[in-house]
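*Asks:* sequence first, predicted model second:
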Amino acid sequence: MNKPGEKMSLSPQARKLIDQHSRAIDAAAQEAARKLTSAASALGAACTLLNQRARYFGATGEHFSVHEYDGIHVIDALDERLLKAIGAMLGAYLERARRKPSPEATAFLEEKLAPGAKDIPQYPVGYMIHYMLVRAFQLFEPLPQEGSGLELGDLEVAMAHHLRSILQRYVETREKPVTRHFSDVAREYSVVMRLKCGCGAEKFDVKLQALCQTSGGTPYDRLDLQCRDCGGQRSITFNLPHFKDMYRL
């Protein structure tokens, strides 16, 4: 068990993976953005970028368990980088194209696509949004053949706006003052949910959550955990880079 107040940080290998794959995500997004000529090409680029997750998930698994502290943090950091890149790419295209979705196509997609933006948790974690986007693509694929009477181009424009809306709501929780702090705190419990104990169990109870600070006065959260199966205990810590936002309340 970690000593109370001990500050955990990512290993050099974890930081290296984040840096390496962040560059790859940015490069892929920039390359895709140069080739966007239609809503269809924007959707294709978004789908291709979503597949980047398989690369960094696999690479992370070669060095860390994706059910352990470092592995989870690497995946979450890269998920956030990926989602922001896709959101920026779609946003830039839609602003340049200046084509709004038709009310009919928007209503049709709202009926057919689930989960939708309204189902986003208050403080989502990246993997949740990634799943929602992938699921939206799966549900969208057969829609043009359903005989709705809507033009394919209109459906594609509405779909691009639908995806952008989901991404905008996610990015807001990660960047908006105050909201971003609560998003960080909510993510702590998502990390706990995905941790696996050395005994093989995948369920920890949070026995104590404490706001601590380093010797330099930097705040961080410490969660003391206990495995439900074997009773094993451990502590994990989380940086709170946006804690100062609380003074704005």
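*Replies:* The structure has been received and is ready for your questions.
*Asks:* give me phi/psi at the residue lying closest to Leu143 once chain neighbours are set aside?
*Replies:* Leaving out its chain neighbours, the residue that sits closest to Leu143 by Cβ to Cβ, 6 or more residues apart in numbering is Lys112, at 5.9 Å. Where C-beta positions appear, they are placed from N, C-alpha and C, glycine not excepted. Phi and psi for Lys112, reported as degrees, to the nearest 10, are phi -90, psi -30.
*Asks:* and Lys112, how many neighbours does it have?
*Replies:* 16 (other Cβ atoms under 10 Å).
*Asks:* and the gap between the spatially most central residue of the chain and Cys227?
*Replies:* The chain has Gly126 as the residue nearest its centroid, 1.2 Å off, counting by Cα atoms, centre = their mean. Taking Cβ to Cβ, to the nearest Å as the measure, Gly126 falls 26 Å from Cys227.
*Asks:* check which helices and strands the helix or strand containing Leu82 sits against.
*Replies:* According to DSSP states H and E, Leu82 maps onto helix 69-97. Applying 3 or more Cβ pairs under 8 Å, 6 or more residues apart in numbering; DSSP states H and E, one finds that helix 69-97 contacts helix 12-33, helix 39-50, helix 52-61, helix 126-140, helix 152-175, helix 179-194.
*Asks:* how does it look with 10 Å?
*Replies:* If contacts are counted by 3 or more Cβ pairs under 10 Å, 6 or more residues apart in numbering; DSSP states H and E, helix 69-97 sits against helix 12-33, helix 39-50, helix 52-61, helix 126-140, helix 152-175, helix 179-194, strand 233-239.
*Asks:* the protein - how does it break down into domains?
*Replies:* 12-175, 179-248 (automatic domain parsing).
*Asks:* so which bits of the helix holding Leu82 are buried?
*Replies:* Neighbour-count burial for helix 69-97, counted by 16 or more other Cβ atoms under 10 Å, picks out 69-90, 93-94.
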